[in-house]
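S.K.: Have a look at this prediction, sequence included:
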Amino acid sequence: MSSKPFKFKQFTIAQDRCAMKIGTDGVLLGAWTSTEAYPDSILDIGTGTGVIALMLAQRCDAQTIDAVELDDNAYEQATENFENSDWGDRLFCYHAHLYEFAAEVDDEYDLIVCNPPFYTEDLTQASQDALKEKSQNDGAAQDAREQARFESAMPFELLVGAVAKLLSPEGTFNVIIPYEREDDFILLCSRAQLVPTRITRVKGTPDAPVKRSLMSFSVAFQDEQVVDGEDRFRESVTPQSPAEITTLIIEKSRHDYTDAYVSLVKDFYIKM
(Lines give C-alpha, C1' and ligand atoms only; values in the text may rest on other atoms or scores of the structure.)
Protein backbone atom coordinates (compact mmCIF):
# COMPACT_ATOMS: atom_id res chain seq x y z
CA MET A 1 0.00 0.00 0.00
CA SER A 2 1.35 3.42 -0.93
CA SER A 3 2.11 6.03 1.71
CA LYS A 4 2.00 8.85 -0.86
CA PRO A 5 -0.81 11.41 -0.63
CA PHE A 6 -3.94 10.28 -2.45
CA LYS A 7 -5.50 12.98 -4.60
CA PHE A 8 -9.23 13.03 -5.16
CA LYS A 9 -11.00 15.57 -7.37
CA GLN A 10 -11.74 18.02 -4.57
CA PHE A 11 -9.39 17.08 -1.73
CA THR A 12 -6.13 15.30 -0.96
CA ILE A 13 -5.54 12.65 1.69
CA ALA A 14 -2.15 12.48 3.40
CA GLN A 15 -1.76 8.91 4.68
CA ASP A 16 1.91 8.36 5.53
CA ARG A 17 1.20 8.09 9.29
CA CYS A 18 -2.02 6.10 9.06
CA ALA A 19 -2.06 2.35 9.59
CA MET A 20 -4.68 1.76 6.92
CA LYS A 21 -4.31 3.55 3.60
CA ILE A 22 -7.00 4.63 1.16
CA GLY A 23 -8.88 1.55 -0.03
CA THR A 24 -11.94 0.54 -1.98
CA ASP A 25 -14.08 -0.15 1.10
CA GLY A 26 -13.91 3.35 2.54
CA VAL A 27 -14.48 5.04 -0.81
CA LEU A 28 -17.44 2.76 -1.53
CA LEU A 29 -19.04 3.61 1.80
CA GLY A 30 -18.46 7.33 1.42
CA ALA A 31 -20.02 7.33 -2.05
CA TRP A 32 -22.84 4.85 -1.36
CA THR A 33 -24.18 6.39 1.86
CA SER A 34 -27.38 8.30 1.17
CA THR A 35 -27.56 11.99 2.02
CA GLU A 36 -31.06 12.44 0.57
CA ALA A 37 -32.46 13.19 4.03
CA TYR A 38 -30.15 16.25 4.25
CA PRO A 39 -28.40 15.29 7.50
CA ASP A 40 -27.34 18.22 9.64
CA SER A 41 -24.99 16.19 11.83
CA ILE A 42 -22.72 13.30 10.81
CA LEU A 43 -20.40 11.01 12.78
CA ASP A 44 -17.61 8.92 11.22
CA ILE A 45 -16.54 6.19 13.66
CA GLY A 46 -12.92 5.07 13.36
CA THR A 47 -12.18 7.71 10.75
CA GLY A 48 -8.58 6.70 9.96
CA THR A 49 -7.37 9.13 7.28
CA GLY A 50 -10.73 10.93 7.41
CA VAL A 51 -11.62 10.03 3.83
CA ILE A 52 -15.26 9.07 4.48
CA ALA A 53 -15.94 12.23 6.48
CA LEU A 54 -14.36 14.32 3.72
CA MET A 55 -16.40 12.59 1.02
CA LEU A 56 -19.57 13.34 2.95
CA ALA A 57 -18.49 16.95 3.46
CA GLN A 58 -18.14 17.22 -0.33
CA ARG A 59 -21.51 15.60 -0.90
CA CYS A 60 -23.72 17.48 1.55
CA ASP A 61 -24.08 20.68 3.59
CA ALA A 62 -24.16 19.11 7.06
CA GLN A 63 -22.96 21.76 9.52
CA THR A 64 -21.50 19.25 11.95
CA ILE A 65 -19.28 16.43 10.69
CA ASP A 66 -17.55 14.78 13.61
CA ALA A 67 -15.11 11.90 13.56
CA VAL A 68 -13.64 9.74 16.31
CA GLU A 69 -10.28 8.00 16.13
CA LEU A 70 -8.28 6.16 18.80
CA ASP A 71 -4.87 5.77 17.14
CA ASP A 72 -2.57 8.74 17.83
CA ASN A 73 -1.05 8.99 14.36
CA ALA A 74 -4.34 8.53 12.53
CA TYR A 75 -6.03 11.14 14.72
CA GLU A 76 -3.31 13.70 13.98
CA GLN A 77 -3.35 12.95 10.26
CA ALA A 78 -7.14 13.04 9.96
CA THR A 79 -7.16 16.40 11.76
CA GLU A 80 -4.59 17.76 9.30
CA ASN A 81 -6.53 16.37 6.32
CA PHE A 82 -9.66 18.09 7.63
CA GLU A 83 -7.88 21.40 8.16
CA ASN A 84 -6.34 21.27 4.68
CA SER A 85 -9.71 20.72 2.98
CA ASP A 86 -12.29 23.26 1.83
CA TRP A 87 -14.63 22.14 4.62
CA GLY A 88 -12.38 22.46 7.67
CA ASP A 89 -14.92 24.63 9.48
CA ARG A 90 -17.45 21.77 9.45
CA LEU A 91 -15.10 18.90 10.29
CA PHE A 92 -13.76 17.93 13.72
CA CYS A 93 -11.96 14.82 14.94
CA TYR A 94 -12.14 13.55 18.52
CA HIS A 95 -9.20 11.59 19.91
CA ALA A 96 -10.94 8.93 21.98
CA HIS A 97 -11.95 5.31 22.35
CA LEU A 98 -15.44 4.70 20.97
CA TYR A 99 -16.72 3.52 24.37
CA GLU A 100 -15.43 6.68 26.04
CA PHE A 101 -16.85 8.88 23.28
CA ALA A 102 -20.29 7.28 23.39
CA ALA A 103 -20.43 7.48 27.17
CA GLU A 104 -19.50 11.16 27.37
CA VAL A 105 -21.20 12.69 24.33
CA ASP A 106 -24.83 13.70 24.74
CA ASP A 107 -25.37 14.72 21.12
CA GLU A 108 -27.29 12.65 18.59
CA TYR A 109 -26.35 12.35 14.93
CA ASP A 110 -28.58 12.24 11.86
CA LEU A 111 -26.09 10.04 10.01
CA ILE A 112 -23.45 7.67 11.36
CA VAL A 113 -20.94 5.87 9.14
CA CYS A 114 -18.27 3.30 9.90
CA ASN A 115 -15.77 1.20 7.98
CA PRO A 116 -14.89 -1.08 10.90
CA PRO A 117 -11.97 -3.48 11.34
CA PHE A 118 -12.92 -6.75 9.72
CA TYR A 119 -10.32 -9.44 10.41
CA THR A 120 -11.07 -11.65 13.38
CA GLU A 121 -8.64 -13.20 15.82
CA ASP A 122 -9.17 -16.69 14.41
CA LEU A 123 -6.99 -16.07 11.35
CA THR A 124 -4.42 -18.78 10.76
CA GLN A 125 -0.87 -18.04 11.81
CA ALA A 126 0.13 -18.02 8.16
CA SER A 127 -2.45 -15.30 7.47
CA GLN A 128 -1.26 -13.26 10.43
CA ASP A 129 2.36 -13.62 9.26
CA ALA A 130 1.33 -12.45 5.80
CA LEU A 131 -0.28 -9.37 7.32
CA LYS A 132 2.88 -8.56 9.21
CA GLU A 133 4.92 -8.81 6.01
CA LYS A 134 2.65 -6.16 4.45
CA SER A 135 3.32 -3.73 7.25
CA GLN A 136 4.90 -0.55 5.92
CA ASN A 137 7.89 1.08 7.54
CA ASP A 138 6.48 4.52 6.81
CA GLY A 139 5.71 6.03 10.20
CA ALA A 140 2.62 3.91 10.89
CA ALA A 141 3.54 1.42 13.58
CA GLN A 142 3.05 -2.25 12.74
CA ASP A 143 0.91 -2.87 15.82
CA ALA A 144 -1.33 0.04 14.83
CA ARG A 145 -1.68 -1.40 11.34
CA GLU A 146 -2.66 -4.79 12.71
CA GLN A 147 -5.06 -3.28 15.23
CA ALA A 148 -6.78 -1.33 12.48
CA ARG A 149 -7.38 -4.61 10.66
CA PHE A 150 -8.63 -6.70 13.58
CA GLU A 151 -12.20 -6.67 14.79
CA SER A 152 -10.99 -6.88 18.40
CA ALA A 153 -9.96 -3.24 18.06
CA MET A 154 -13.64 -2.33 17.67
CA PRO A 155 -15.95 -5.27 18.43
CA PHE A 156 -19.20 -5.18 16.51
CA GLU A 157 -21.06 -5.28 19.83
CA LEU A 158 -19.36 -2.05 20.92
CA LEU A 159 -19.99 -0.43 17.54
CA VAL A 160 -23.70 -1.27 17.48
CA GLY A 161 -24.18 -0.27 21.12
CA ALA A 162 -22.56 3.11 20.50
CA VAL A 163 -24.64 3.68 17.38
CA ALA A 164 -27.84 2.84 19.26
CA LYS A 165 -27.01 5.58 21.79
CA LEU A 166 -25.76 8.22 19.37
CA LEU A 167 -28.18 7.87 16.44
CA SER A 168 -31.14 10.24 16.28
CA PRO A 169 -34.61 8.62 16.04
CA GLU A 170 -34.91 9.54 12.36
CA GLY A 171 -31.25 8.94 11.56
CA THR A 172 -29.45 6.26 9.55
CA PHE A 173 -26.38 4.13 10.24
CA ASN A 174 -24.26 3.02 7.28
CA VAL A 175 -21.51 0.41 7.41
CA ILE A 176 -19.45 -1.85 5.17
CA ILE A 177 -18.60 -5.35 6.43
CA PRO A 178 -17.52 -8.71 5.03
CA TYR A 179 -20.45 -10.43 3.33
CA GLU A 180 -20.08 -13.53 5.49
CA ARG A 181 -20.80 -11.42 8.58
CA GLU A 182 -24.00 -9.92 7.16
CA ASP A 183 -26.54 -12.15 8.92
CA ASP A 184 -24.75 -11.94 12.26
CA PHE A 185 -24.53 -8.17 12.02
CA ILE A 186 -28.22 -7.80 11.18
CA LEU A 187 -29.11 -9.94 14.20
CA LEU A 188 -26.85 -7.90 16.45
CA CYS A 189 -28.41 -4.67 15.20
CA SER A 190 -31.92 -6.01 15.71
CA ARG A 191 -31.16 -6.46 19.40
CA ALA A 192 -30.33 -2.74 19.50
CA GLN A 193 -33.59 -1.85 17.71
CA LEU A 194 -31.84 -1.12 14.41
CA VAL A 195 -33.24 -2.56 11.21
CA PRO A 196 -31.73 -2.75 7.70
CA THR A 197 -33.38 -0.62 5.03
CA ARG A 198 -30.86 -0.96 2.20
CA ILE A 199 -28.19 -3.55 1.41
CA THR A 200 -25.78 -3.64 -1.53
CA ARG A 201 -23.62 -6.73 -1.96
CA VAL A 202 -20.31 -6.02 -3.67
CA LYS A 203 -18.51 -8.29 -6.13
CA GLY A 204 -15.16 -7.62 -7.75
CA THR A 205 -16.17 -9.13 -11.11
CA PRO A 206 -19.31 -10.83 -12.47
CA ASP A 207 -17.98 -14.32 -11.70
CA ALA A 208 -16.40 -13.48 -8.34
CA PRO A 209 -18.09 -14.27 -5.02
CA VAL A 210 -19.67 -11.48 -3.00
CA LYS A 211 -17.01 -9.96 -0.75
CA ARG A 212 -18.61 -7.00 1.01
CA SER A 213 -22.00 -5.84 2.23
CA LEU A 214 -22.86 -2.15 2.25
CA MET A 215 -25.68 -1.77 4.75
CA SER A 216 -27.95 1.05 5.92
CA PHE A 217 -29.94 0.80 9.17
CA SER A 218 -32.61 2.92 10.76
CA VAL A 219 -34.19 2.92 14.21
CA ALA A 220 -36.97 0.37 14.60
CA PHE A 221 -40.48 1.73 14.65
CA GLN A 222 -42.10 2.27 18.02
CA ASP A 223 -45.79 1.50 18.41
CA GLU A 224 -47.36 3.64 21.10
CA GLN A 225 -49.85 1.99 23.40
CA VAL A 226 -51.53 2.82 26.71
CA VAL A 227 -50.66 0.57 29.64
CA ASP A 228 -52.10 1.25 33.12
CA GLY A 229 -53.04 4.76 32.08
CA GLU A 230 -49.54 5.61 30.87
CA ASP A 231 -48.13 5.96 27.40
CA ARG A 232 -45.70 3.14 26.68
CA PHE A 233 -43.81 2.09 23.60
CA ARG A 234 -43.71 -1.42 22.24
CA GLU A 235 -40.55 -1.89 20.23
CA SER A 236 -40.86 -3.49 16.84
CA VAL A 237 -37.81 -4.73 14.96
CA THR A 238 -39.73 -5.36 11.76
CA PRO A 239 -39.46 -2.54 9.21
CA GLN A 240 -42.54 -1.44 7.26
CA SER A 241 -41.01 -2.92 4.13
CA PRO A 242 -38.14 -5.36 3.50
CA ALA A 243 -34.67 -4.00 2.96
CA GLU A 244 -33.87 -3.06 -0.62
CA ILE A 245 -31.17 -5.51 -1.74
CA THR A 246 -28.97 -4.87 -4.76
CA THR A 247 -25.64 -6.09 -6.15
CA LEU A 248 -22.73 -3.91 -7.23
CA ILE A 249 -20.06 -5.32 -9.57
CA ILE A 250 -16.90 -3.25 -9.67
CA GLU A 251 -15.16 -4.51 -12.83
CA LYS A 252 -16.25 -6.29 -15.99
CA SER A 253 -12.59 -7.26 -16.45
CA ARG A 254 -9.26 -5.93 -15.18
CA HIS A 255 -9.49 -2.09 -15.06
CA ASP A 256 -12.70 -2.17 -17.12
CA TYR A 257 -15.11 -0.73 -14.59
CA THR A 258 -18.86 -1.19 -14.72
CA ASP A 259 -21.13 1.77 -15.39
CA ALA A 260 -22.70 1.37 -11.96
CA TYR A 261 -19.34 1.61 -10.18
CA VAL A 262 -18.18 4.57 -12.28
CA SER A 263 -21.46 6.38 -11.59
CA LEU A 264 -20.98 5.82 -7.86
CA VAL A 265 -17.40 7.10 -7.55
CA LYS A 266 -16.91 9.45 -10.52
CA ASP A 267 -17.27 12.57 -8.37
CA PHE A 268 -14.19 11.53 -6.39
CA TYR A 269 -11.63 9.60 -8.44
CA ILE A 270 -9.65 11.86 -10.79
CA LYS A 271 -9.45 9.28 -13.59
CA MET A 272 -13.17 8.57 -13.71
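M.R.: Okay, I see it.
S.K.: Who are the contact partners of the residue minimising distance to the centre of the chain?
M.R.: Geometric centre of the chain, nearest residue: residue 114, 2.2 Å, by CA atoms, centre = their mean. Counting by CB atoms under 8 Å, 6 or more residues apart in numbering, residue 114 makes contact with 44, 45, 46, 159, 163, 173, 174, 175. For every residue, glycine as well, the C-beta is placed using N, CA and C.
S.K.: these two touch, right, residue 268 and residue 55?
M.R.: Yes - contact criterion CB atoms under 8 Å: residue 268 and residue 55 qualify, at 6.3 Å.
S.K.: gap between the two ends of stretch 79-92?
M.R.: Length of stretch 79-92, first residue to last, CA to CA, to the nearest Å: 7 Å.
S.K.: tell me which element residue 216 falls in.
M.R.: Assigned by DSSP states H and E, residue 216 belongs to strand 210-219.
S.K.: Sheet partners, orientation included, of that strand?
M.R.: Paired strands of strand 210-219, with direction, are strand 167-178 (antiparallel), strand 194-203 (antiparallel) (DSSP bridges).
S.K.: hmm, who's touching that strand?
M.R.: By CB under 8 Å, 6+ apart, strand 210-219 touches 25, 28-29, 32-34, 163, 167, 169-179, 181-182, 185-186, 189, 193-204, 239, 247-248.
S.K.: Just the buried ones out of the residues you listed, please.
M.R.: Among the contacts of strand 210-219, the ones that count as buried by 16 or more other CB atoms under 10 Å are 25, 28-29, 32-33, 163, 167, 171-178, 181-182, 185-186, 189, 193-203, 248.
S.K.: Can you pull the residues that touch both of residue 268 and residue 55?
M.R.: 8, 27, 30, 31.
S.K.: looking at those residues, which has the most residues close by?
M.R.: Most neighbours among the shared contacts of residue 268 and residue 55, by other CB atoms under 10 Å: residue 30, with 26 neighbours.
S.K.: Angles on the backbone of that residue, please.
M.R.: phi -60, psi -30 (degrees, to the nearest 10).
S.K.: give the contact list for the spatially closest residue to it that is not a sequence neighbour.
M.R.: Take residue 30 and drop its neighbours on the chain: the residue closest to it by CB to CB, 6 or more residues apart in numbering is residue 55, 3.2 Å away. Contact analysis of residue 55 by CB under 8 Å, 6+ apart lists 8, 27, 30, 31, 268.
S.K.: quick one: contacts for residue 75?
M.R.: 69, 93, 95.
S.K.: all strands of the stretch 51-200 of the chain, in order?
M.R.: 64-69, 91-95, 109-114, 167-178, 194-203 (DSSP state E, counting those that start in this stretch).
S.K.: Could you dump those strands into a markdown table and include distance to residue 259?
M.R.: Shown next, in a markdown table, are these (distance: least, CB to CB, whole Å):
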| stretch | distance to residue 259 |
| --- | --- |
| strand 64-69 | 30 |
| strand 91-95 | 32 |
| strand 109-114 | 25 |
| strand 167-178 | 21 |
| strand 194-203 | 15 |
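S.K.: Any chance of those in CSV with mean pLDDT and distance to residue 253 as columns?
M.R.: Below are the strands of the stretch 51-200 of the chain laid out as CSV (pLDDT from 0 to 100; distance: least, CB to CB, whole Å):
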stretch, mean pLDDT, distance to residue 253
strand 64-69, 98, 36
strand 91-95, 98, 38
strand 109-114, 98, 31
strand 167-178, 97, 24
strand 194-203, 97, 13
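S.K.: how about the helices of the stretch 151-272 of the chain, start to end?
M.R.: 156-166, 182-191, 259-265 (DSSP state H, counting those that start in this stretch).
S.K.: So what's the gap between the shortest one and the chain middle?
M.R.: Offset of helix 259-265 from its chain centre (CA atoms, centre = their mean, to the nearest Å): 19 Å.
S.K.: Go ahead and name everything in contact with that helix.
M.R.: 27, 28, 31, 32, 248, 249, 250, 251, 272.
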